[in-house]
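Participant: can you look at this prediction? I've put the sequence above it.
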Amino acid sequence: MKRNEKLTYITCNAIFQVNDYDQARSLLLTIPQSIFKEVSIPALSYYVDAIKHMYSIANADQKFFCNVQLECVMLSLYRDALKRSIDEEESKYGPEETEQILGILLIMAEIYSEQGEIIAENEVKEAIILIEKQKAKQAESEQQDLDMANSFVKMANTYQEKREYPSALDYSLRALSIYERIRGTEHPDTATIYNNIAGVYKNMNEYDKAVEYYEKALTIREKALGKEHPDTAMVYNNIATVYQDLNDYSKAMICYEKALAIKEKVLGTDNPSTATTYNNIATVYQDMCNYAESLKYYEKALAIKEKVLGTDNPSTATTYNNIANVYKEVCDYDKAMEYYEKALAIREKALGTEHPDTATTYNNMAIVYKAKGEYKKAMEYYEKALAVREKVFGTEHPSTANTYNNIAGVYKATGEYNKAKEYYEKALAIREKTFGTEHTSIANIYNNLAVLYQDMREYDKAKEYNEKSLAIQEKVFGTEHPSTATAYNNIAGLYKAMGEYEKAMEYYKKSLDIKLKVLGDEHPLTANTYQNIAGLYKAVGDYDKALEYAHKARKINEKAFGEETSKTKNVYTLLSDLYAAKEDHELSHEYAVKAGPDDE
């Protein structure tokens, strides 16, 4: 800060503290007149405020002195530099300084009007017109910038839909820089950009950054719109999806319940938006394998949609599809297919046979046929899904890659390993191009290739892909996430196939430790590892330890899935074999009966 400018601030501050005109005048005279050519607009504004204070404590004669001082400001500021600057195409003053200049002019106009100084007042009015003209130019320029920002948002959304996330992030950040400059960092429009950026980071598996930007959006919306606004609820919902991806179900549920409370209060319990939150809560219970609660919330959502939207609405079809997914997970394939067919009928009628949502239903029905061992039907429906996705999205879209991956799974199941490898590699090439080499979807393909090479007894290649998959999972999720546990489980399976039982047990125990810590001792994924450990003990002839772990798996699966599903029956088959190995033929027969015939 220049010396004269600092002197101006100090002196004016002193003037504000006194109520004696003569004392204030003496202070003002210590400021040299040359300052008007040197100080900034904010300092000059401070000077005029000081004169206004003096004017308020002056008598009629003393006010003449104040007018003289204002005239000095007038001559310096407007008859010379200011008028020319404001009237130019590009002003040297920004929005904040322009606002301060207007404030000075209004003070001067007020004082001159009271004194009857018509000529000076007219000059002030003329300057005000110029200021307003400049402000209009600035407003027009700002609107042009906002239009540009909105174009960036549209570009970002396009790239987001195409799963080209780095480009989506680039355009979102460009839009953000404009909104922060013009709207500020506490405006609801800026919050929308923060929310969009968070969504991109979530899709890129950068979960910490996603939460950071969602929380920025939440803070603004709670402050600007209130804690019970639907837009605030939307951010709670979005934060919940991040925690759900991280398998932090308690935090996800807290956020979903906050969103639900707002929607039920503001929108009511029969609103489709409320139904969406019921649906989201259902997905958390589904992820937790609490299928009864999951169905309960899906059915709440369905009741609203059928009532409000009708039974032929695509949104209703989505809920049918979600209910079908639950039945598929509990291996109730007939019920699953019943609901998939309801969803398909609506989607084919409302959206057509070449819509991506219709393709999704074809895909889901194929999964059921594959699970039932009906590979020909599975391939038929996967190919229907693929035809739609290749036509709508092209051959290099992640959705197309998903179908290539699924078709590979059918070829693997039928022993056509070369075809399986071909389709896995097609899927991998697309995902690497779209997401980069360190995304969880890449880890999933690596895992699938590892299992394929294991089935082909190419153990070195299987190990290579298992380790690649594990490296990604550990980097993205850390060493205590269920996805990392699954990677350990798969490595254990490879070592078991290679006959390296100690290494297999080491990795099964790593997997189990994570699942017990994160998911608990009643989760079906925990049961899966118990069953695998039981199978390993069986392989080494330790039947008592095998039975211990097999019964742990049985209890969990019976509770989660019931006794009539293939997952539980697989454990019964293992128990029957173990009791037979111990020559306990009565119990072996009992569990053989529970397991049912081999083709079940």
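Facilitator: Received, thanks. Numbering: from 1, shown residues only.
Participant: contacts, neighbours, all on C-alpha from now
Facilitator: OK.
Participant: can you tell me what sits against the one helix or strand Gly199 maps to?
Facilitator: Assigned by DSSP states H and E, Gly199 belongs to helix 188-203. The contact list for helix 188-203 (CA atoms under 8 Å, 6 or more residues apart in numbering) reads 153, 160, 165, 168-169, 172-173, 175-176, 179-180, 183-185, 207, 209-214, 216-218, 220-221, 224-225, 235, 238, 242.
Participant: ok, Thr484 - contacts?
Facilitator: By CA under 8 Å, 6+ apart, the residues touching Thr484 are Leu470, Gln473, Glu474, Phe477, Gly478, Ser511.
Participant: can you do 6 Å?
Facilitator: Contacts for Thr484 (CA atoms under 6 Å, 6 or more residues apart in numbering) come out as Gln473.
Participant: so which strand or helix has it?
Facilitator: Here Thr484 sits within helix 482-497, counting by DSSP H and E.
Participant: could you export that helix as PDB, CA atoms only?
Facilitator: Presented in PDB, the C-alpha positions along helix 482-497 are these (Å, rounded to 0.1, in the frame of the first residue of the first chain):
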ATOM      1  CA  PRO A 482     -14.800 -56.600   0.600                       C
ATOM      2  CA  SER A 483     -13.600 -56.200  -3.000                       C
ATOM      3  CA  THR A 484     -10.000 -56.600  -1.800                       C
ATOM      4  CA  ALA A 485     -11.200 -59.600   0.300                       C
ATOM      5  CA  THR A 486     -12.600 -61.200  -2.900                       C
ATOM      6  CA  ALA A 487      -9.300 -60.700  -4.600                       C
ATOM      7  CA  TYR A 488      -7.500 -62.500  -1.800                       C
ATOM      8  CA  ASN A 489     -10.200 -65.300  -2.000                       C
ATOM      9  CA  ASN A 490      -9.500 -65.700  -5.700                       C
ATOM     10  CA  ILE A 491      -5.700 -66.000  -5.200                       C
ATOM     11  CA  ALA A 492      -6.400 -68.600  -2.500                       C
ATOM     12  CA  GLY A 493      -8.500 -70.600  -5.000                       C
ATOM     13  CA  LEU A 494      -5.600 -70.500  -7.400                       C
ATOM     14  CA  TYR A 495      -3.100 -71.800  -4.800                       C
ATOM     15  CA  LYS A 496      -5.500 -74.500  -3.900                       C
ATOM     16  CA  ALA A 497      -5.800 -75.600  -7.600                       C
END
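Participant: quick check: buried residues in that helix?
Facilitator: Residues of helix 482-497 classed as buried by neighbour count (16 or more other CA atoms under 10 Å): 482-496.
Participant: how many residues are close by Phe152?
Facilitator: For Phe152, the neighbour count with other CA atoms under 10 Å is 20.
Participant: same deal with Lys503?
Facilitator: Neighbour count of Lys503, defined by other CA under 10 Å: 17.
Participant: distance check, it against Gly493.
Facilitator: 10 Å (CA to CA, to the nearest Å).
Participant: and if you look at Leu536?
Facilitator: Leu536 sits 9 Å away from Gly493, going by CA to CA.
Participant: returning to that earlier point: what subset of the contacts of helix 188-203 is buried?
Facilitator: Among those, those buried by neighbour count (16+ other CA under 10 Å) are 153, 160, 165, 168-169, 172-173, 175-176, 179-180, 185, 207, 209-214, 216-218, 220-221, 235, 238, 242.
Participant: quick one: which of these sit in helices?
Facilitator: The helices, defined by DSSP state H, take in 153, 160, 165, 168-169, 172-173, 175-176, 179-180, 207, 209-214, 216-218, 220-221, 235, 238, 242 from these.
Participant: what are the buried residues along the helix or strand hosting Pro42?
Facilitator: Taking DSSP H and E as the definition, one finds Pro42 inside helix 41-57. Within helix 41-57, the residues scored as buried using 16+ other CA under 10 Å are 41, 43-55.
Participant: so which of those residues comes closest to Glu140?
Facilitator: Distance to Glu140 across the buried residues of helix 41-57 (CA to CA) is lowest for Ile41, with 23.1 Å.
Participant: what score does His53 have for pLDDT?
Facilitator: With respect to pLDDT, His53 scores 83.
Participant: hey, which helix or strand in the protein has the poorest pLDDT?
Facilitator: Lowest mean confidence among the helices and strands of the chain (mean pLDDT, DSSP states H and E): helix 83-87, at a mean of 48.
Participant: can you tell me the element Arg534 falls in?
Facilitator: Actually, residue 534 is Ala rather than Arg. helix 524-539.
Participant: what's the angle between that helix and helix 482-497?
Facilitator: 10 degrees (axes from the mean of the first three to the mean of the last three CA atoms, to 10 degrees).
Participant: in the helix or strand just after helix 524-539, what counts as buried?
Facilitator: Using DSSP H and E, the helix or strand that follows helix 524-539 towards the C-terminus is helix 543-561. By 16+ other CA under 10 Å, the buried positions in helix 543-561 come out as 543, 546-558, 560-561.
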